[in-house]
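In: Attaching a predicted model along with its sequence, questions to come.
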Amino acid sequence: QVQLVESGGGLVQAGGSLRLSCAASGRTFSSYDMAWFRQAPGKEREIVTAITWSDTYYTDSVKGRFTISRDNAKNTVYLQMNSLKPEDTAVYYCAARRGSLIRVNAYDYDYWGQGTQVTVSS
């Protein structure tokens, strides 16, 4: 069982930056694939980025602006978000699954955090 706790959300102006953190419980964090999803009001939850031990994935709309990273010693995954746009406004969720291949669908992930709100003002 893995518990995930996100932090770092908030209100920022367009063009600004935020860094989200996701702290995971458990002793086998390094064996989990991690991802960030987001869900805007009235929209479906969508993949933002994912990371395995050897690979990363970014959805097209965040390439060049967002960076995912993980610190296995701290059981934490990060999402650095730069050049934020109003369309990035959403609740951001951290997710985890056992595996070694990038997965982009929410149903592939077994564990979820409670979400953190990111609001980008224009």
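Out: Great, that's in hand.

In: Could you work out the end-to-end span of stretch 43-58 for me?
Out: End-to-end distance for stretch 43-58, by CA to CA, to the nearest Å: 19 Å.

In: which outside residues touch it?
Out: 30, 33-39, 59, 62, 66, 68-70, 77, 79, 90, 92-93, 99-106 (CB atoms under 8 Å, 6 or more residues apart in numbering). C-betas here are computed from N, CA, C, even on glycine.

In: what comes up buried for it?
Out: Neighbour counts over stretch 43-58 (16 or more other CB atoms under 10 Å) mark 45, 47, 48, 49, 50, 51, 52, 57, 58 as buried.

In: pLDDT (mean, whole number) over it?
Out: Averaging pLDDT along stretch 43-58 yields 96.

In: chain center to it, what's the gap?
Out: 7 Å (CA atoms, centre = their mean, to the nearest Å).

In: repeat for stretch 89-99
Out: Relative to the centre of its chain, stretch 89-99 is centred 5 Å away, using CA atoms, centre = their mean.

In: Show me what the mean pLDDT comes to for that stretch.
Out: 95.

In: Which residues does it contact?
Out: So stretch 89-99 is contacted by 2, 4, 6, 9, 20, 22, 24, 31-40, 43, 45, 48, 52, 77, 79, 103, 106, 108-113, 115-120 (CB under 8 Å, 6+ apart).

In: Quickly note the distance from residue 66 to residue 118.
Out: Relative to residue 118, residue 66 is positioned 11 Å away (CB to CB, to the nearest Å).

In: which element is the residue nearest the centre of the chain on?
Out: The structure's the chain has its C-alpha centroid closest to residue 36; by CA atoms, centre = their mean the separation is 2.2 Å. Following DSSP states H and E, one finds residue 36 within strand 32-39.

In: Please name the residues that touch residue 38.
Out: 45, 46, 48, 88, 90, 91, 92, 93, 118.

In: Among those, which are located in helices?
Out: The helices, defined by DSSP state H, take in nothing from the contacts of residue 38.

In: need those residues in a markdown table with distance to residue 14, can you?
Out: Formatted as a markdown table, the contacts of residue 38 follow (distance: CB to CB, whole Å):
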| residue | distance to residue 14 |
| --- | --- |
| 45 | 23 |
| 46 | 20 |
| 48 | 18 |
| 88 | 9 |
| 90 | 15 |
| 91 | 18 |
| 92 | 17 |
| 93 | 22 |
| 118 | 12 |
